[in-house]
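Visitor: Provided below for reference: sequence and predicted model.
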Amino acid sequence: MKFRKKPGVIEATQWFKNGDHPEDDTMRPFEDTGKTPTEPREGKIVRYFRRPEPEYSGNIVCRYCGKILHLHGWIDTLQGDHMVCPGDWIITEAKGTYYPCKPGIFKATYEPEKTGYRKVETDSGYVMENGSICEPVATLADEYGGRVQIDIDDHCYVLRVKGADNKYRTSAYIFRQAFEVLKTLPSPK
């Protein structure tokens, strides 16, 4: 059987060195004295990589990324402890737990969340100057009042950007969000 990963939004931060994770709080006061450190402390989420075994000495080269182990981090997960290579992504799960993900796997699995434009109600049909009747399919709007309308005009999908004069104009620019909507539409007739 084949399965498709359910779509969802995740929080992730790419980690390169101690303190890169936004919740590491490396300048937090010391627990025993309450004093603020003068230098960054070990991160709360991604800690320093420390192992007592000789095969994990700080000067040994990592077989995954080719960097010395001294530059690596360590993270506790529900599945156990994991080494974090510089460049790994730290994913925050819904339950507030964290786990590392290699860059190649992250790139193949996730893409940036599409933000800025959302689909809104369509306008009614109207006649263009050349006499063709446009059938609105979708209108995308951003939080600043900008609008992009997708029309069917002469058996083609057309993107129009609404100008300051409140009129739609044909746009040479294709917005990623509009393209995603276009990919879901049937062939115009």
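Guide: Sure thing, it's come through.

Visitor: From N59, how far out is L69?
Guide: 7 Å (Cβ to Cβ, to the nearest Å). (Each C-beta comes from the backbone N, C-alpha and C, glycine too.)

Visitor: Same check on M27?
Guide: As judged by Cβ to Cβ, M27 and N59 stand 28 Å apart.

Visitor: Which stretches in this protein count as strands?
Guide: 11-14, 47-48, 73-77, 80-84, 89-92, 98-101, 118-120, 126-127, 133-141, 147-153, 156-162, 168-170 (DSSP state E).

Visitor: which one of these has the lowest average pLDDT?
Guide: Looking at those, the lowest mean pLDDT belongs to strand 118-120 (a mean of 42).

Visitor: of L69 and N59, who's got more company?
Guide: L69 (19 against 7; other Cβ atoms under 10 Å).

Visitor: What pLDDT is listed against the more buried one?
Guide: Reported pLDDT for L69: 91.

Visitor: so who does T36 touch?
Guide: Counting by Cβ atoms under 8 Å, 6 or more residues apart in numbering, T36 touches M27, P29.

Visitor: Could you list the buried residues of stretch 76-85?
Guide: By neighbour count with 16 or more other Cβ atoms under 10 Å, stretch 76-85 contains the buried residues M83, V84, C85.
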